[in-house]
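Participant: model this:
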Amino acid sequence: MESVNVVIDDAVSEGESVENCDRDGDLISSSDPTEPSMSESSLGKPETPEKKTLPQDRDKDPKEPSTRQAPRGWYERLTSYLKEHGFSRGGADRTLFIRHVDETITIAQIYVDDIIFGSPLESLAYEFAECLKQEFEMSMVGELSYFLGLQVRQTEDGLFISQSKCAKDLVKRFGLDSKKHTRTPMSTSLKLGRDPSGKIVDPSLYRSIIGSLLYLTATRPDITFSVGVCARFQTDPKESHLSSVRRIIRYVSGTVDLRIFYSRNSNLDLAGYSDADWAGNADDRKSTTWGCFYMGSSLVAWLSKKQNSISLSMAEAEYIAAVSCCTQLLWMKQMLSDYGISQGTMTIFCDNTSAINISKNPIQHSRTKHIDIRHHFIRELVESHVISLDHVSTNNQLADLLTKPLNRLRF
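Facilitator: Numbering: from 1, shown residues only. Model prediction:
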């Protein structure tokens, strides 16, 4: 979703109106009838008699394109058509298409059969829409208001994105709409673990709740950490885990109208906040990496992920978290370069001075020699001024939200 957020923020910052169009009908009608069906794989090998046939495919004509292959056929056909009309495909995101006409740019982001697009000139946006309608059965939805389940409201000052309807449906679906709201998604006094002696609950129900909450994190960074922690126990959920996800839903119930705002007065400079919760996992003592990434004043991406290895110190956990944030910023920098937008030195804010000093010290010593060499590429980025790792006080560390449960005053 961060690629969509970047496209929207770039368009809003440039004063563009973001438009939306959708393909009519199902994807199978968009496939080229001359394409091979799923019975003829891309390697040219015929389907073997032993291969299991799905129930929905038993009565189908073998020459008819499979619905499982239709999205790829539609995307390849659309890609060829856009390239023929002067669009180039993005290097960082292959579903992004860009066309430069003189000094004006037209951007189109493809997501299966939904397309969002924008241009500083309304005539170019209109030309793009008409171009698609001539070749494909497209419905011009107009100004972007709903996309992939996201509700969008465009104003003179900027653009709001939310999932209010999804949040309300989620709360009602799991029967918690009449329950008391909570002020935070997770208790600060609770350390969730495997709980081997706990009461077993229905795994299907638990996974259904987790899946719904994970979808909601597309616009809700405030629940990303809590949902990620609870998602670790889907194989063997217990009553304590179910109570925790229900608390998250009760929190969502009281905050259904929270939105992300993209300002038209924002710049396009990239910056990130990096943080880690040292040995926060109660079962394997691994740390949690969290980062949030801004274009100007707009939040466009965030991550909360358990680290792959055990850190021996807080400085090491913070250092590894900063490296993860570097990779995300580099990807976003490459994506903006496709728009023709260059970046100077990008800043990552970290609240651990030891981690900052490690990134600036080219000498390996006893306290850092055990750190995997793949994490040290941040030193080269700092030396070449691609990345600047700066200190921020813990009270101003925005990434704290996604590394640990916070009390309601800090939350």
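Participant: what about the helices in the protein?
Facilitator: Counting by DSSP state H, the chain has helices at residues 2-13, 70-84, 122-135, 164-173, 203-216, 224-230, 239-253, 314-338, 353-360, 377-383.
Participant: out of these, nearest to residue 307?
Facilitator: When those are compared by CB to CB, helix 314-338 sits nearest residue 307, at 5.8 Å. Every C-beta, even on glycine, is put in place using the N, C-alpha and C of the backbone.
Participant: quick check: angle from the closest one to helix 353-360?
Facilitator: 60 degrees (axes from the mean of the first three to the mean of the last three CA atoms, to 10 degrees).
Participant: quick one: helix 314-338 to chain centroid distance?
Facilitator: Centre-to-centre, helix 314-338 and its host chain are 15 Å apart (CA atoms, centre = their mean, to the nearest Å).
Participant: any chance of the helices of the chain in a markdown table, with mean neighbour count, mean pLDDT and distance to residue 106 too?
Facilitator: Converted to a markdown table, those look like this (neighbours: other CB atoms under 10 Å; pLDDT from 0 to 100; distance: least, CB to CB, whole Å):
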| stretch | mean neighbour count | mean pLDDT | distance to residue 106 |
| --- | --- | --- | --- |
| helix 2-13 | 23 | 82 | 10 |
| helix 70-84 | 16 | 84 | 10 |
| helix 122-135 | 15 | 84 | 5 |
| helix 164-173 | 17 | 95 | 30 |
| helix 203-216 | 17 | 96 | 30 |
| helix 224-230 | 24 | 93 | 33 |
| helix 239-253 | 20 | 96 | 37 |
| helix 314-338 | 21 | 92 | 13 |
| helix 353-360 | 18 | 88 | 39 |
| helix 377-383 | 17 | 88 | 32 |
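Participant: now those as a markdown table including distance to residue 19?
Facilitator: Below are the helices of the chain laid out as a markdown table (distance: least, CB to CB, whole Å):
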| stretch | distance to residue 19 |
| --- | --- |
| helix 2-13 | 9 |
| helix 70-84 | 16 |
| helix 122-135 | 6 |
| helix 164-173 | 21 |
| helix 203-216 | 24 |
| helix 224-230 | 29 |
| helix 239-253 | 30 |
| helix 314-338 | 19 |
| helix 353-360 | 42 |
| helix 377-383 | 37 |
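Participant: right, and those - which one's nearest residue 186?
Facilitator: With CB to CB as the criterion, residue 186 lies closest to helix 224-230 of those, at 4.2 Å.
Participant: ok, residue 79 touching residue 89?
Facilitator: Yes: counting by CB atoms under 8 Å, residue 89 is a contact partner of residue 79 at 6.8 Å.
Participant: touching both of these two, which residues are there?
Facilitator: Applying CB atoms under 8 Å, 6 or more residues apart in numbering, one finds that residue 79 and residue 89 are jointly contacted by residue 97.
Participant: who's in contact with stretch 150-162?
Facilitator: 5, 8, 12, 17-18, 143-146, 163-165, 218-219, 257-266.
Participant: and it, C-alpha only, in CSV?
Facilitator: This file holds the C-alpha atoms of stretch 150-162, laid out as CSV (Å, rounded to 0.1, in the frame of the first residue of the first chain):
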residue,chain,number,x,y,z
LEU,A,150,-10.2,2.8,1.3
GLN,A,151,-12.5,5.8,1.6
VAL,A,152,-11.0,8.9,0.1
ARG,A,153,-12.1,12.5,0.6
GLN,A,154,-10.4,15.3,-1.4
THR,A,155,-10.6,18.9,-0.1
GLU,A,156,-8.9,22.2,-1.0
ASP,A,157,-6.3,21.6,1.7
GLY,A,158,-5.5,18.0,0.9
LEU,A,159,-6.8,14.5,0.9
PHE,A,160,-8.1,12.2,3.7
ILE,A,161,-7.8,8.4,3.6
SER,A,162,-9.7,6.1,6.0
